[in-house]
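Colleague: sequence and predicted structure below; questions after.
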Amino acid sequence: MIYQTLNVTEEGGIGLITLNRPTLMNALNAQMRAEITAAVRDLGQRARVVVITGEGRAFCSGQDLGDGVSVAEIDLGRTLREEYEPMLRAIYDCPVPVISAVNGAAAGAGANLALSADVVIATQSAYFLQAFSRIGLIPDAGGTYWLPRLVGFARAMGQALFAEKVEADEAARTGLIWASVPDDQFAAEWRRRAEQIANGPTLAYGAIKHALRASMTSDLDAQLDTEARLQEEMGTTRDFREGVMAFLEKRPAKFEGR
């Protein structure tokens, strides 16, 4: 596929998606949403980890408000159902881990695009902004789902109501993201983490994603059953046997992945 709004590469098991509308702070238009959906689905079948980052000074500034439709004509419900939801589901359902490498501002739907990933690593100068109430809207693109689960009800409500920037250090401290990294170490750190996952047990990572997400809606009995079922499956994999042998032989494991 030829991408117009993204740069997409794959090397060493790492599928890299770079949002590439830097003059517009990588604002999301219809084409970019469709291309992200396609790229994540494609790389999820071939790579061992998918990384989403941005070109230029921003990760993503959110919805492109100048995307050829007047305020009077825009149908936000249709846009969310037909364009945002497939993109977010592609990330959520991706069979391999997805990392958001937030290189700068992540605002509105751009913030929630970042938060939809399994792991978020941000450069220290980045920030997250639930900007929706500034224009009379509610957080969308999964924002009302992710925020209370990541930071609790009180912080989620404050971020949604006040629409104030959350700097990367605070985001890491409060559990909104995994890590805030000094700017000069950012590229090396997200790549190190991506390589760590790319060299790890891919099937187990997929099962971890499934189990942890199931826990959000399961009671204890259901979750224990999920654990037993998935662990039974993982116990039959070559990666499990390799991991045990590597431990006993005191050497690094060489996981085959899929």
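Modeller: Received, thanks.
Colleague: give me the phi and psi for Glu10.
Modeller: Glu10 adopts backbone torsions of phi -140, psi 130, taken as degrees, to the nearest 10.
Colleague: that one against Arg48, yeah?
Modeller: No: look at Glu10 against Arg48 with Cβ atoms under 8 Å: they stay out of range, at 9.9 Å. For the C-beta atoms, the positions are set from N, CA and C on the backbone; glycine is no exception.
Colleague: compare those two (neighbour count), which wins?
Modeller: Arg48 (26 against 15; other Cβ atoms under 10 Å).
Colleague: please name the nearest non-neighbouring residue to the more buried one.
Modeller: Gly13 (3.8 Å; Cβ to Cβ, 6 or more residues apart in numbering).
Colleague: contacting residues around Met99?
Modeller: No Met there; residue 99 is Ile. 49-52, 117-121, 190, 193-194, 197 (Cβ atoms under 8 Å, 6 or more residues apart in numbering).
Colleague: what mean pLDDT does the helix or strand harbouring it get?
Modeller: In this assignment (DSSP states H and E), Ile99 forms part of strand 98-102. Here strand 98-102 scores 98 as its mean pLDDT.
Colleague: note down every partner strand of that strand and its orientation.
Modeller: strand 49-54 (parallel), strand 119-123 (parallel) (DSSP bridges).
Colleague: Arg21: which of the ones you listed is closest?
Modeller: strand 49-54 (8.9 Å; Cβ to Cβ).
Colleague: average model confidence for the closest one?
Modeller: Here the average pLDDT along strand 49-54 is 98.
Colleague: name the nearest residue to Lys165, sequence neighbours excluded.
Modeller: Per Cβ to Cβ, 6+ apart, closest to Lys165 is Tyr127, 4.4 Å.
Colleague: for the one you found, give me its contacts.
Modeller: For Tyr127, counting by Cβ under 8 Å, 6+ apart, the contacting residues are 105-106, 165-168, 171.
Colleague: backbone dihedrals for it, please?
Modeller: Torsion angles, degrees, to the nearest 10, at Tyr127: phi -150, psi 160.
Colleague: identify the bridge partners of it.
Modeller: With DSSP bridges as the rule, Tyr127 is bridged to Glu167.
Colleague: how confident was the prediction at it?
Modeller: Reported pLDDT for Tyr127: 98.
Colleague: got the contact list for stretch 203-213?
Modeller: Taking Cβ under 8 Å, 6+ apart as the rule, stretch 203-213 contacts 92, 95-97, 118, 197, 223, 226-227, 230, 233-234, 237, 239-240, 257-258.
Colleague: if we use 10 Å, what do you get?
Modeller: Stretch 203-213 has contacts (Cβ atoms under 10 Å, 6 or more residues apart in numbering) with 44, 48-49, 92-98, 118, 149, 197, 201, 218, 223, 226-227, 229-231, 233-234, 236-240, 243, 255-258.
Colleague: among these, which ones are in strands?
Modeller: Using DSSP state E, the members of the contacts of stretch 203-213 that fall within strands are 49, 98.
Colleague: what's around Arg149, how many residues?
Modeller: 14.
Colleague: I figured it hits Arg155, correct?
Modeller: No: Arg149 lies out of contact with Arg155 (Cβ atoms under 10 Å); the separation is 11.2 Å.
Colleague: for Asn199, see how far away the closest residue to Glu242 other than its chain neighbours is.
Modeller: Of all residues not flanking Glu242 in the chain, Ala253 sits nearest, at 5.4 Å (Cβ to Cβ, 6+ apart). As judged by Cβ to Cβ, to the nearest Å, Ala253 and Asn199 stand 9 Å apart.
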